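> what follows is a predicted structure for the sequence shown.
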Amino acid sequence: MKLNKVNSQSKFFQVLTVLSLFVGVISLFKLNFPVFASAVDTSKSSKGNKQNQPTKVESNHQIESHHLVEQDNFSFQLEECKQKNITISCSLIVTNLTENELNLRLFRESSQAATRFFDLSGNGYISKTVQIGSKVSEYIVAEKLLPPGIPTKASIQFDLIPQLEKLDLLELYYYSKSAGNKIVNFHNVDISESKPNESQTSAVAIPNTQE
């Protein structure tokens with residue numbers, strides 16, 4: 001009986017000795033390798049606070065609009081189209097996406113294509129004027145050198161238009177040296193009614209051609 005008690009006590013002290021040695025080794029390891037100790041503490045902390053931390057969501061910088069089109073080193077943002085009596089004016093923002101100055105020409109019409117829109121019945125209307133910055137189309141084209149990254153206002157004006165609520169398709173015809181002649185399309189464009197005190201975009205009056 002005494003022998004068993006002695007053996008139990010001996011085993012107990014052996015366990016304590018092993019635990020003491022283990023704790024001593026861990027402490028020594030932390031002193032010599034602080035990076036490891038920091039990583040262990042951080043891991044424990046993150047596990048404990050994980051449920052209390054908000055979920056990180058990556059920000060999306062892309063503009064969520066089907067009226068924003070990026071092509072041929074330019075972005076074309078259609079802001080709105082308004083109607084006052086028989087005139088429809090559409091305002092846009094054009095931005096040069098490169099690091100160099102780029103020349104951009106907006107065409108009212110040419111032998112190849114035209115800036116125009118189609119209503120929901122399929123009737124086509126060619127623009128009366130196009131404008132970019134302070135440059136207004138004189139008969140055919142408005143041309144401007146765009147600095148890199150700076151938004152530039154542009155507009156399209158249509159005349160002799162019946163009362164409409166929506167454009168099925170708006171086509172902006174343009175030219176750049178790098179891309180040649182191109183068309184940017186905007187689909188399902190809503191038309192708002194201009195307020196009485198809002199003036200239309202000033203432009204040179206040009207006879208309108210309808211398709």
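Yep, that arrived. Small disclaimer: the values here were computed from a predicted structure and weren't measured. Residues are numbered from 1 along each chain as shown.
> all helices of the protein, in order?
Here the chain has its helices, by DSSP state H, at 2-32, 34-49.
> worst average pLDDT in those helices?
Note on these: helix 34-49 shows the lowest mean pLDDT, a mean of 44.
> correct me if wrong: Val69 contacts Ser75.
Yes - under the criterion of C-beta atoms under 8 Å, Val69 makes contact with Ser75 at 7.2 Å. For the C-beta atoms, the positions are set from N, CA and C on the backbone; glycine is no exception.
> residues contacting Ser89?
By C-beta atoms under 8 Å, 6 or more residues apart in numbering, Ser89 lies in contact with 81-83, 155-158, 194, 200-201.
> gap between it and Gln157?
Distance, Ser89 to Gln157, using C-beta to C-beta, to the nearest Å: 5 Å.
> pull out the buried residues from the lengthiest strand in the chain.
If you go by DSSP state E, the chain has its longest strand at strand 180-193. Within strand 180-193, the residues scored as buried using 16 or more other C-beta atoms under 10 Å are 184, 186, 189, 191.
> now, which of the residues you listed sits nearest Leu102?
Val184 (14.9 Å; C-beta to C-beta).
> from Ser194, how far out is that closest one?
Taking C-beta to C-beta, one finds Val184 at 24 Å from Ser194.
> per-residue confidence at Leu97?
97.
> show me what contacts the closest residue to it other than its chain neighbours?
The shortest distance from Leu97 to any non-neighbouring residue, by C-beta to C-beta, 6 or more residues apart in numbering, is to Asn73 (5.3 Å). Asn73 sits next to 96-98, 102, 176, 178-179 when contact means C-beta under 8 Å, 6+ apart.
> cool, Gln71 as well?
179, 182, 184.
> any weak-confidence spans in the protein?
Applying pLDDT under 70 to the chain picks out residues 1-66, 195-211.
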